[in-house]
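# Build me a model:
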Amino acid sequence: MSGDRASATPESGAGASRRTPMGRGPGGRFGPGGPGPRRPRFRVVRKLAGAMLAVLLLAVGTASLIVWRKYEQLVSDLPTVGVLRTYQPPVMSRIYSGDGRVIAELAAERRLFVPYNAIPDKVKAAFVSAEDQNFYTHGGVDPLAILRAAVTDLETFHKRRPIGASTITQQVARIMLLGSNARTFERKAKEAVLAMRIEQTLSKDRILEIYLNEIYLGAGAYGITAASQTYFNKPLDQLDAAEAAFLGALPKSPTNYNPYRNPEAAKTRRDWVLDRMADTHAITVAEAQAAKAEPLVPKAFVRPGPVPGSEWFSEEVRRQLLDRYGENQTMQGGLVVHTSLDPALQDEATQDLRDGLMHYDRAHGGWRGAVTHLDGIGPVVVHHARRGHAPDAPALSWEASLAAVARPAGMVPDWRMAVVLSPALGSVGWLDNPDAAGGPGSPHQATLDSDDMAWMRTYKGLRAGDVLMVEPHKGTDGQPTDKVAIRQIPQVEGAIVSMDPTTGRVLALVGGWSFESSQFNRATQALRQPGSSFKPIVYLAGMMQGISPSQKFEDEPYSNGTWHPNNYEKTFGGPTTLHDALRRSLNLVTIRLAAHIGMSNVAKLAIDLHEVDAMPKVLPAALGAVETTVLRESGAYASIASGGKEVLPSLIDDVQDRDGHVIWRPAGLGVQASADPSQPPVLTDTRRQVADPASAFQVVQMMQAVLKPGGTGRKAGAGIDFPIAGKTGTSQDFRDAWFAGFAPNLLTIVWVGFDNPQSLGEKEDGDTVAGPIWNRFMKAAMANRPHVQFRVPDGVAVVQVGDAIDAYKPGQIPGISNNLFVAKATPAELGAMDTGAENVPDAESDMGSAPAPGADIASAGGVSVDGQSVDSRAGTLGSPANPAQPGLNPPGQPGALAAGNAPAKPGAADIGMGGLY
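Reported below is the predicted structural model:
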């Protein structure tokens, strides 16, 4: 049974195999005869996971290495943010007049810097709300803004330009350090790195200050202060919430939100900024709604300067600043330049010069014809206008045609373009305020002055449709009348400089008819011969050698070779005092005086007075055959007027840097605090003494006679009741007309001439042409100034001898003329050496190069003749042992130049004869 039961089990069947649990065989768990170890579960999965992890680690490592290398490359050339600690933004420089008005701005870009503490909170809030609401919480980069921008860009892909997520700090990095607007990943990465560095370096306030002063806001305005002026013509602290919000709207796109071009878009963006300001609680919702109700009305800003008429002055200041500080500091250094300009005197000088040039032009040039001609203007227009009817054809309307005519360069602002409507009646039509925005201006009709019509017809005919320049007459109420005066731009030019003779402060400077038509400054850049206005320097040199105003020199014919100088009137007066010689501007006496005192002394004094830098030491130079400028002559005359002190004309009172520190002021005069605090400051004067005060006053006293009856400047002095002194100047062939004169507290120099030197006309001398201009200006300028007397130096006596009132030094006897040409031991007659005959080139063509600058002709110590020294200053001829040197040429005969100064070859540079009158 047991065997049967055993055979009946499944395992005992044929081919059956008994399964034994793994590890459970006879030999133990893994003993012999067992099935062996069980294989691990998920072996392939684990291998795959390990491989993937290795690849991932390798990829991450490789990527990290690549990123690190890329980061190193990215930051290797990044600028340092440390420069922002001491950053000073480029700021325009401003020029102020003497009364504190801005007369000009110097800038390549319009920038005005304002410190953080001076920026109104509403302005800060407007920019932060619009550009970077999380500015005060992020570390330079705003991840939430980046994510928001990315989502928005994906949603609007291909529909619009991607929006940015740059923070204010990133914008500072781009503007200040990168200077690039390229829309690339590399630029954005650099921008982000720099932004985080900036946040670690600067405070939030400093970052916002830089941003608000540097951001470009359109219309040439950089920074919020310039933008406030540009769009609303008001300072920053006067902006309301709506205006501040508009400025905050501009950084996104100054062009698209320009209120002049796109007013609706600008208002929409402004209102959006106001909503953001309300969201950030910078303003209340009610305030935002009230501000949104305000219309966006920009107010045009007119950039200051130059003040009309001050262009010459401002440009000379700019030129001096460029020479002293260079272009970068001048145009971007934020300099504050205080000048000496007196706007009222500048206006007066401009008008007086223009009146004088127009008067000369009308008397000499005649009418040169119409500016242009308009077709289709005929009597029918005048007929309808007289009957009060409008023209019956659009082609006959002159207003639109005239409005299209360009005004000529140099046309005075008070003039108008007018079209001739009726030549017979002199009827013209013109437009008032032709430059007014929105239209050509209001039309007017008037009639030409009868004198003007007669003058015009003398030279050219008049046709209907001719376009003229006219100046409307104005009634007592300031409104135009029914008369107009014809005007034309003169061809002659001129210049005026007026200054304080004591300090050298230039109060007015006009360099020509119109700065618009020509920027060449004839007061500072034109080198012209001063003619006889140079003579006071010769007389001052004589006074400095002890010669008295009563000293007489021969006023007799004088010639040397082909050079035959003469007096203006072609008359001779025999022995003549220096007083009368200067009053009547006698050339022959001046030549003899210059020869007597020595041209070296004259040249040295002229250089010391800064009339010239160098001059030939020949006698024609004593008559003004040198070249100088109006400004230079102003300084020379000021030195004479101020008692011989060196006076350098100055247009600038001081220059301050952007921090308000004075970095320059003219040398010489200054103010020093008193040692005793209870005492006022002490005026210091370190200027050198070029001439002694007594000698300078003697010349001033003689120059007063020039403006009185009998003097060459009687027209300049006509009707003036305050003390004045001056001198006329007329160069060879009447090419230059000068009048240089001064009161004790005001000096003015006037010059008139052509840019291309040519004669002004026979008898058109300094008193006739320049004198009336000087007279009008001085009367107006002195109307509100005190009338003071010239100060008499200590020890000087003012004595009247006959009709001459002169000043005398101690030891000089009024009215007595000493014999300067007699030796102490042996008297001698006046010889050629004393007349200067031997010191003059043989011909006028030799004057330019015969004596090189520095060579001595008729020098202070005498000249060499036949190997002997001749000294005429001490009243001697030759040495005491040989008082009367033989062999000297008599007056009127050719003489020899001083040793070493042989005459030049014919054809040498011609410097002209010199002064005439």
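# Give me the pLDDT for residue 668.
The predicted local distance difference test score for residue 668 is 89.
# brain fart, residue 2
Reported pLDDT for residue 2: 45.
# for residue 177, same thing?
pLDDT recorded at residue 177 is 81.
# Likewise for the one 4 residues further on?
Taken from the predicted model, the pLDDT recorded for residue 181 is 63.
# what do you get for residue 659?
So, for residue 659, pLDDT stands at 86.
# What about it, how many residues nearby?
Residue 659 is flanked by 9 other residues according to other Cβ atoms under 10 Å. No exception for glycine: its C-beta is placed from N, CA and C like everyone else's.
# any idea how far it lies from residue 333?
Noted for residue 659: a distance of 11 Å to residue 333, by Cβ to Cβ, to the nearest Å.
# Could you pull up phi and psi at residue 625?
Main-chain torsions, residue 625, degrees, to the nearest 10: phi -80, psi 50.
# Surely it touches residue 528?
No - the criterion here is Cβ atoms under 8 Å, and residue 625 misses it with residue 528 at 11.6 Å.
# The two: which is more packed in?
residue 625 (26 against 22).
# pLDDT score for the more buried one?
At residue 625, the pLDDT value in this model is 93.
# and the end-to-end length of stretch 779-790?
End-to-end distance for stretch 779-790: 18 Å, by Cα to Cα, to the nearest Å.
# which of the residues in it are buried?
Neighbour-count burial for stretch 779-790 flags 779, 780, 781, 782, 790 (criterion: 16 or more other Cβ atoms under 10 Å).
# so who does residue 248 touch?
The contact partners of residue 248, by Cβ atoms under 8 Å, 6 or more residues apart in numbering, come to 123, 126, 127, 129, 130, 131, 273, 277.
# Of those residues, which is the most crowded?
Result: residue 126 is most packed of those (other Cβ under 10 Å), 30 neighbours.
# quick one: average confidence on stretch 233-244?
For stretch 233-244, the mean per-residue pLDDT is 94.
# which other residues reach that stretch?
Residues outside stretch 233-244 that contact it (Cβ under 8 Å, 6+ apart) are 114, 118-120, 122-123, 125-126, 224-225, 228-229, 231-232, 247, 270, 274, 277, 283, 287-288, 291-292, 294, 296, 299-301.
# Going through the residues you listed, which ones are buried?
By neighbour count, with 16+ other Cβ under 10 Å, those hold 114, 119-120, 122-123, 125-126, 224-225, 228-229, 231-232, 247, 270, 274, 277, 283, 287-288, 291-292, 294, 296, 301 as buried.
# among those, which are in helices?
Counting by DSSP state H, the part of these found in helices is 122-123, 125-126, 224-225, 228-229, 231-232, 247, 270, 274, 277, 287-288, 291-292.
# what about stretch 326-335, distance to the chain center?
Distance of stretch 326-335 from the chain centroid (Cα atoms, centre = their mean, to the nearest Å) equals 13 Å.
# tell me the secondary structure for the closest residue to residue 103 other than its chain neighbours?
Take residue 103 and drop its neighbours on the chain: the residue closest to it by Cβ to Cβ, 6 or more residues apart in numbering is residue 307, 4.4 Å away. Three-state assignment for residue 307 (DSSP: H, G, I helix; E, B strand; the rest coil): coil.
# Tell me who's in contact with residue 307.
Residue 307 touches 97, 101, 103, 104, 314, 343, 346, counting by Cβ under 8 Å, 6+ apart.
# thought the last one was touching residue 508?
Yes - with the criterion set as Cβ under 8 Å, residue 346 and residue 508 qualify as a contacting pair; they are 4.5 Å apart.
# More neighbours: which of those two?
Legend: neighbour count by other Cβ under 10 Å for residue 346 and residue 508, higher for residue 508 (29 against 26).
# give me the element the more buried one is part of.
In the assignment (DSSP states H and E), residue 508 maps to strand 506-510.
# Local confidence estimate at residue 40?
Reported pLDDT for residue 40: 63.
# cool, and residue 60?
pLDDT recorded at residue 60 is 84.
# Show me what whichever strand or helix holds it is packed up against.
Using DSSP H and E, residue 60 maps to helix 43-76. With contacts taken as 3 or more Cβ pairs under 8 Å, 6 or more residues apart in numbering; DSSP states H and E, helix 43-76 sits against helix 185-201.
# Can you name the element that comes right after the helix holding residue 60?
Heading C-terminal from helix 43-76, the first helix or strand you meet, by DSSP H and E, is strand 93-96.
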